[in-house]
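Novice: pasting the sequence and the predicted model now:
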Amino acid sequence: MLATPLKYTDEVAKSTAPIYETLKSQYKEDHWKTLAPYIHEINKLKAQKNAVILAHNYMTPDIFYGIGDVVGDSLKLAQEAAKSDADMIIQCGVHFMAETSKILCPEKKVIIPDMQAGCSLAESITAEGLRAMKAQYPGIPVITYVNTSADVKAESDVCCTSSNALKIVNALGAQGHDTVIMTPDKFLAQNVAAQTDVKVIFWEGTCMVHERFTAEDVRQMRAQHEGVVVLAHPECPPEVMAEADYAGSTAQMDDYIKDKQPKKAVLYTECSMSDNIAASNPNVELIGTCQMCPHMKRISLPKVLKALQTEGPEVTVDPAIIERARKPIERMLELS
Ligand code: 13P
Ligand code: SF4
């Protein structure tokens, strides 16, 4: 049986009016009237249950602006999870992000609205695979991208995100390591290696979204849009980075647009990110790139509401793994 759609009442209209003011450019009124009742209901329920909603920059604007209490890149979501005094965390993002929150806050209930929201990078490596790589390079420290399972983190010396990868590699370099292993994103590793003297050995994983961009895409974009400023996520291939004006994590790209206010910009990253930036930077023309992460797009307002109502599905991690995976994450947070 189909659930009865929620109603767009005067109360809903009033409570969501300030949000719609920001999102008018993204949703026509009829569409908005189907979203606003969910936003209203979710915000009421999360206050009653002392839940915090952590929303990644790739969430659609209705989630990002409508219900997110903390919004940002992987690093910020992890930092805020560690500080939060909520009883429950609703992770609007993918599974590895929810696991990271659970590792940092084992006493809290951590819920992900769709358990199938995975990540091609996290799926590219297992703890067993990493153990075999470590055996091949004994004594070389392992830097693991947060886009991995808790089991893989537990085998690592330090974690990193796209915003601090170079810093972490250089920090190990300063401690006397001339070589490091970076897992699992080969492009992030290659992009970092191009900026440091530390030798980087990498795993062969890729992001299914960012690997699709090419240098030719960027050249065509510049030919079609004169003066466009090109920003790229470091999960893109090195040939894309070589053509870009700026490279950074999702939050760093957001900050760049906020600060520099270019007339026209394009972001080589997941497409909702451009929508979210466009909503709060009306003077910047954002050219969409239309690469969508199917995992991030599993999270929707109806699923978030259901997750809050049923307090599930809950993300759990074996306490012994939490113990071991916590160290590399905390080491990263210290070095950030
Ligand atoms: P950020 O850490 O830059 O938010 O990236 C996370 C991610 O999954 C990018 O694809
Ligand atoms: Fe993983 Fe790529 Fe999706 Fe980010 S965009 S969650 S790296 S598949």
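Specialist: Perfect, I can see it now. Ligands and ions are numbered 1, 2, ... in the order given.
Novice: flag the shaky bits of the stretch 51-200 of the chain, pLDDT-wise.
Specialist: Applying pLDDT under 70 to the stretch 51-200 of the chain picks out no residues at all.
Novice: can you pull the phi/psi pair for the closest residue to ligand 2 within it?
Specialist: Residue of the stretch 51-200 of the chain nearest ligand 2, by Cβ to the nearest ligand atom: Cys119 (3.2 Å). In short, each C-beta sits where N, CA and C put it, glycine included. Per-residue torsions, Cys119: phi -170, psi 130 (degrees, to the nearest 10).
Novice: please begin residue numbering at 640 from this point
Specialist: Done: numbering now begins at 640, and the last item shifts to Cys758.
Novice: does it really touch Glu738, like I thought?
Specialist: No. At 10.7 Å, Cys758 does not count as touching Glu738 under the criterion of Cβ atoms under 8 Å.
Novice: distance-wise, check the closest residue to Ala804 other than its chain neighbours relative to Ser802.
Specialist: Leaving aside its sequence neighbours, Ala804 sits nearest to Val831 (Cβ to Cβ, 6 or more residues apart in numbering; 5.0 Å). Distance of Val831 to Ser802, computed by Cβ to Cβ, to the nearest Å: 12 Å.
Novice: which of those two has more neighbours?
Specialist: Counted by other Cβ atoms under 10 Å, Val831 and Ser802 do not tie: Val831 has more neighbours, with 25 against 19.
Novice: what segments of the stretch 640-789 of the chain are strands?
Specialist: Counting by DSSP state E, counting those that start in this stretch, the segments of the stretch 640-789 of the chain that form strands are 690-695, 709-711, 727-731, 748-750, 781-784.
Novice: could those strands be laid out in a markdown table, adding mean neighbour count and distance to Thr949?
Specialist: Shown next, in a markdown table, are the strands of the stretch 640-789 of the chain (neighbours: other Cβ atoms under 10 Å; distance: least, Cβ to Cβ, whole Å):
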| stretch | mean neighbour count | distance to Thr949 |
| --- | --- | --- |
| strand 690-695 | 25 | 12 |
| strand 709-711 | 20 | 22 |
| strand 727-731 | 27 | 12 |
| strand 748-750 | 22 | 9 |
| strand 781-784 | 27 | 31 |
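Novice: quick one: which of these is nearest ligand 1?
Specialist: Taking those one by one with Cβ to the nearest ligand atom, strand 690-695 is closest: 6.2 Å.
Novice: so which other helices or strands are in contact with that closest one?
Specialist: helix 668-687, strand 709-711, helix 713-722, strand 727-731, helix 734-743 (3 or more Cβ pairs under 8 Å, 6 or more residues apart in numbering; DSSP states H and E).
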